[in-house]
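A.B. asks: Pasting the sequence and the predicted model now:
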Amino acid sequence: MSQVAVIFGGPSPEHDVSILLGLPASRALAEAGHDVAGIYWAKTGDFYAVDAAAEKEDFYDGPPKKARDLVLTTKGFDGKKAPRPDVVVNCCHGGPGEDGSLQAALDLAGIPYTGPTVAGAALGMDKLAFGALVEAAGLPTLPRALVTPVDDGAPPFAGPYIVKPRFGGSSIGIEIVKEWTDARALLHSVHYRAGAVAEPYRPDTVDLNIGLRSWPELQLSAIEKPLRSSGRGEILGYADKYLVGGGGEGMSSANKELPAAIPSEIEKQLRAAATTLAPLVGLRGVARLDFLYDGADGGLFVNEINTIPGSMAKYLWIEPPIPFGRLLGDMIEEAVRRPSTNWTTAGADGTALRSAGSIASKLG
């Protein structure tokens, strides 16, 4: 029987919620008959082999007591009784688990994995690059500008501003400020060390989300309207996603309207935009695409993409229903049958070496 490894945790602000995805995913795969190996990625960056049937309490203080040290090398995982997975289910949110770093390491190790490729993960994590892609595709999006520490004249657009870490997710670190100088001041905060982007803040917009999956074919989920805990004029924050409702599973346990009660024309526009973006972002696995909608003027704007969404967006697949085990199973099949890399040495036949002069001749 082939072995499936589920990786969760990671050195990211979303470490805890990643555990709350990895453990249920491990259970669902075991119930579906897979040989499951649990791999915990600690906040320190270390990997550990853990019981796939572990409970969340086992991770309150870091690695469980019986966890075994692992090292990820170019030949796979190494360590005492190290797992030898045929495929990895990536349940890491944010940080190096979702920005392409883990994906690159698994590519070098030759281990198939679920979810975005290196390029897809990096694009999804970079809010400035993703916004530029949306704009280049001719899809509606709010203006988005890079915040720099240098006073370079007048602001790119009028405030107030919603400021976000350029690389990050789950609304962590997002702030609303009135002045552009306040936006620049945020660059000293811990979540903004890698940069920040700003957009016009529109308090009358609401969030609309849709799930996308790429295997066995492109499929879109029902549309949800998350409900903000603090009412009008607030953003959909981390607490709304992971703390309100008590489930701790991200949007799965958050308050929501599903399916969203929106005009049919807006639903049509949203689904068309999602279909257009899927190939442009290199959709692989399950992702969630987030929009902003202003019911007053009918404006619909592409906001951002989450390439490894909370709960793997399992709660969105209601029309028709897709069980969690099947959702994961399809992702595993895609990981094996649709490789994340297509490296080739075609053309590297030694001709350039043979035709070149001596190395010494190239030093001058």
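C.D. replies: In hand now; what should we look at?
A.B. asks: what ranges do the helices span in the stretch 101-250 of the chain?
C.D. replies: In the stretch 101-250 of the chain, the helices defined using DSSP state H, counting those that start in this stretch lie at 101-109, 118-125, 127-136, 180-185, 238-242.
A.B. asks: Turn the ones you listed into CSV, including mean pLDDT and mean neighbour count.
C.D. replies: For the C-beta atoms, the positions are set from N, CA and C on the backbone; glycine is no exception. Below are the helices of the stretch 101-250 of the chain laid out as CSV (pLDDT from 0 to 100; neighbours: other CB atoms under 10 Å):
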stretch, mean pLDDT, mean neighbour count
helix 101-109, 98, 19
helix 118-125, 98, 22
helix 127-136, 98, 18
helix 180-185, 94, 18
helix 238-242, 57, 21
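A.B. asks: so where is the stretch 51-200 of the chain shaky, pLDDT-wise?
C.D. replies: By pLDDT under 70, the low-scoring segments of the stretch 51-200 of the chain are 170.
A.B. asks: what are the ranges of the strands in it?
C.D. replies: 68-73, 76-78, 87-90, 145-147, 161-165, 175-177, 196-200 (DSSP state E, counting those that start in this stretch).
A.B. asks: Reformat those strands as JSON lines; add distance to residue 58 and mean neighbour count.
C.D. replies: As requested, these are exported to JSON lines (distance: least, CB to CB, whole Å; neighbours: other CB atoms under 10 Å):
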{"stretch": "strand 68-73", "distance to residue 58": "14", "mean neighbour count": "16"}
{"stretch": "strand 76-78", "distance to residue 58": "20", "mean neighbour count": "17"}
{"stretch": "strand 87-90", "distance to residue 58": "19", "mean neighbour count": "26"}
{"stretch": "strand 145-147", "distance to residue 58": "40", "mean neighbour count": "17"}
{"stretch": "strand 161-165", "distance to residue 58": "30", "mean neighbour count": "24"}
{"stretch": "strand 175-177", "distance to residue 58": "35", "mean neighbour count": "18"}
{"stretch": "strand 196-200", "distance to residue 58": "36", "mean neighbour count": "22"}
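A.B. asks: Indicate which one of the ones you listed is closest to residue 120.
C.D. replies: Closest approach to residue 120 among the strands of the stretch 51-200 of the chain (CB to CB): strand 87-90, 11.9 Å.
A.B. asks: I would like the residues contacting that closest one, please.
C.D. replies: 2, 4-7, 25, 29, 39, 97, 102-103, 106, 111-115, 308, 328, 331-332, 335-336 (CB atoms under 8 Å, 6 or more residues apart in numbering).
A.B. asks: Any of these buried? List them.
C.D. replies: 4-7, 25, 29, 39, 97, 102-103, 106, 111-115, 308, 328, 331-332, 335 (16 or more other CB atoms under 10 Å).
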